[in-house]
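Participant: Using only what follows, build the 3D model:
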Amino acid sequence: MQKKQNTKKIIKSLLELIKPYIVFVVLIFVISAYINSLNLEVPKVISKGIDTYVRGTYNQDSILNEFSLIVGAILVLTLAQVVLGTFVSERVALDLRNKLSTCSNNIRIFCKEKEALK
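Facilitator: Numbers count the residues shown, from 1 in each chain. Down below sits the predicted model:
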């Protein structure tokens, strides 16, 4: 039970850290879904190429163009996903370091005030 509560606290604190960047996080998930859908198109293009070859109506240029377009889109979207993911993770890490630094400074100030009272 205690472990479950700790897990909820950790998840809640992580969600608070990414809250300012929620638009980017959602965009990363959308890009990821689109990349996965494009990856599912590759076998369709290959089967289309095989079917047209068997029928004798094979057009290499149209198959290669379609395949190249899909691969290029996957490449660009994957790059965008990596860049956005890196940006968000670095910003969250910076925010966390700043928060810890502020907390550490507050502790030092509190300790100095406590010593001055002695």
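
Participant: what are the ranges of the helices in this structure?
Facilitator: 2-18, 22-55, 60-117 (DSSP state H).

Participant: Pull out the buried residues from the shortest one.
Facilitator: Neighbour counts over helix 2-18 (16 or more other CB atoms under 10 Å) mark no residue as buried. Any C-beta I mention is one placed from the backbone N, CA and C, and that applies to glycine too.

Participant: Okay, S101 and D95: tell me how far apart.
Facilitator: Between S101 and D95 the computed distance is 11 Å (CB to CB, to the nearest Å).

Participant: Just put the helices of the chain in TSV and tack on mean pLDDT.
Facilitator: Output for the helices of the chain, formatted as TSV (pLDDT from 0 to 100):
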stretch	mean pLDDT
helix 2-18	80
helix 22-55	94
helix 60-117	84
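
Participant: So what's the residue count around I28?
Facilitator: Residues contacting I28 under the criterion other CB atoms under 10 Å number 19.

Participant: quick one on the thing from earlier: of S101 and D95, which one has the most company?
Facilitator: Taking other CB under 10 Å, S101 and D95 do not tie; D95 has more neighbours (15 against 10).

Participant: got a list of what the nearest residue to that one once chain neighbours are set aside touches?
Facilitator: Leaving out its chain neighbours, the residue that sits closest to D95 by CB to CB, 6 or more residues apart in numbering is L17, at 6.3 Å. Contact partners of L17, counting by CB atoms under 8 Å, 6 or more residues apart in numbering, are 92, 95-96.

Participant: mind running it again at 10 Å?
Facilitator: By CB atoms under 10 Å, 6 or more residues apart in numbering, L17 lies in contact with 91-93, 95-96, 99.

Participant: Just the buried ones out of those residues, please.
Facilitator: The neighbour-count test (16+ other CB under 10 Å) marks V92 as buried among the contacts of L17.

Participant: want to try CSV for the contacts of L17, with distance to V23 as columns?
Facilitator: Below are these laid out as CSV (distance: CB to CB, whole Å):
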residue, distance to V23
R91, 12
V92, 14
A93, 18
D95, 15
L96, 19
K99, 21
